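here is a sequence with its predicted model. Questions after.
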Amino acid sequence: MKKNEYGLFTAIGMIVGIVIGSGIFFKSDNILIATNGSITLGVIVFSIAALGIIFGSLTISELASRESKAGGIITYAEYSYNESVACAFGWFHTFLYYPTLIAVVSWVSGIYICMLFGIEAGLATHTSIGFVVMIVLYILNVLSGKLGGYFQNASTVIKIIPLILIALAGILFGNPSEIKVDDVVHMQSASWIAAIAPIAFSFDGWIIATSIGHEIKDSKRNLPKALIIAPLFILIIYVLYFVGISIYVGPEKIMALGDAHVDLAASMIFGPWGAKIILTFVVVSIIGTVNGLVMGHVRMPYSLAIRNMFPNSNKIKLVNDKLGMPIYSAIVAFIISLICLIVHYITQKYNYLPNGDISEISITVNYLLYILLYIKVLKMGLSGEVKGIWKGRINPILAMGGSIIILFGSFSNPLFIQYLLICGTLLIASVLFWKFKRKNV
């Protein structure tokens, strides 16, 4: 594959572009309801929920600075443990994590595109539009990896514009007296804890930048930088937006209006066309998220194949000389995502997953798998290989804490055990495949 295709900004843009989707625009009312209208407590909740991404990124950056072979998280698992664990990580990301997220976020893009153009539509239309978005982005990234990177950079810049504008409007024209520190001291209930898990999910996706690590200029320097800069930037943007919209519209009004508070804020700032302007930004945000996921996914079968960890590896690892891309890897990735989109459509149509979707459990299990990598960095810190108490001990411990918080947040899902069994079956199958492959080789 082509080397040095992407710069530091693309790596940062990929993380920011994937993590910041549509969710943040509509989370403020949920957070304020959970914190009983306390803006201060809401900021604290955001900070706690960010533990998983910030300290996770800081911890993984230690592995990224040591290994730059194709595969990202597969490489780190191989470096930290062995080929069996690496194969398990790779299969999980290839068959469940990436494609379920791509399927769900593509479907969401269909919903918001219909909203933007005033189209009255149902599940079938939303899914069909999502399919078109998905196939266009797969083709874009196959025909030109650099073009996919440019789109990621552009969509990242575009999606943070409304967040910054609303934050500035609140800070400049809002009512700062709405921020009351006493709220935290006199909080009678611990119900605010319920807001941590959903916010944590809005921070997910940061690990995907590691999938293009081998194509980033000076990867061992730039990827760790991206893994540190991007999460901190995201937290700052999220907090500024939350505080800005809360003091601009008012906590009570936001809680009363629900998701409609975004339309009100947009109209107050941008005038009658405000809601349309915000919806346009949201659509760009969602498509940018799908693009970042696709950028990572097209490379996953290839990364497994170069290690003989994928069926028909000799063909999957072929790289097209003209395009500099593994075409067969991209085709396989697209087919897997398409299957997941069909499964998502069926589960939504027949309500097999009430109040949920097929991506939820893969996110939770992914954070559980991260713990294995955090333990490795902690061991490196204890042995002195990673210098400094923060880098080698405190960061991985706090990263593990963030993963556990997300795990607890998933226990309330009535299908948690069934989801876990599906993921466990895939992980076991991957290990058995690798053992069979290695034996035959």
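Ah, there it is. Numbers count the residues shown, from 1 in each chain.

so where's the stretch 101-250 of the chain shaky on pLDDT?
For the stretch 101-250 of the chain, the stretches flagged by pLDDT under 70 are 145, 182-198, 200-201, 209, 212.

again, only this time at 80
For the stretch 101-250 of the chain, residues meeting the criterion pLDDT under 80 lie at 144-153, 156, 180-216, 218-220, 223, 227.

surely V386 meets V377?
Yes - using C-beta atoms under 8 Å, V386 and V377 qualify as a contacting pair, with a distance of 6.3 Å. For the C-beta atoms, the positions are set from N, CA and C on the backbone; glycine is no exception.

could you tell me which residues touch both of those two?
Residues touching both V386 and V377 by C-beta atoms under 8 Å, 6 or more residues apart in numbering: E62, G392.

check contacts around H344.
Neighbours of H344 in contact, by C-beta under 8 Å, 6+ apart: T100, A103, V104, W107, T127, D357, I358.

same thing but at 6 Å, please
Residues in contact with H344 (C-beta atoms under 6 Å, 6 or more residues apart in numbering) are A103, I358.

for P326, see how far away it is.
26 Å (C-beta to C-beta, to the nearest Å).

quick one: the helices in the stretch 251-400 of the chain, in order.
Under the criterion DSSP state H, counting those that start in this stretch, the stretch 251-400 of the chain contains helices at 251-257, 261-270, 274-297, 300-305, 313-316, 327-349, 360-383, 389, 395-410.

point out the most buried one among the ones you listed.
Of these, the one with the most neighbours on average (mean count of other C-beta atoms under 10 Å) is helix 300-305, at a mean of 28.

check contacts around M255.
Neighbouring residues of M255 by C-beta under 6 Å, 6+ apart: D29, L32, I33.

of those residues, which belong to helices?
Among the contacts of M255, the members found in helices (DSSP state H) are D29, L32, I33.

which of those ranks first by neighbour count?
Among these, the one with the most neighbours (other C-beta atoms under 10 Å) is L32, at 24 neighbours.

my read is that that residue contacts P251, right?
Yes - using C-beta atoms under 6 Å, L32 makes contact with P251 at a distance of 5.1 Å.

L116 reaches I277, doesn't it?
No - between L116 and I277 there is no contact under C-beta under 6 Å: 10.3 Å.

any chance of the ones in helices among the contacts of M255 in CSV, with pLDDT and distance to K435 too?
Shown next, in CSV, are those (pLDDT from 0 to 100; distance: C-beta to C-beta, whole Å):
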residue, pLDDT, distance to K435
D29, 84, 50
L32, 86, 51
I33, 84, 50
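
make JSON lines out of those residues and add distance to L143.
Conversion of the ones in helices among the contacts of M255 to JSON lines gives the following (distance: C-beta to C-beta, whole Å):
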{"residue": "D29", "distance to L143": "41"}
{"residue": "L32", "distance to L143": "45"}
{"residue": "I33", "distance to L143": "45"}
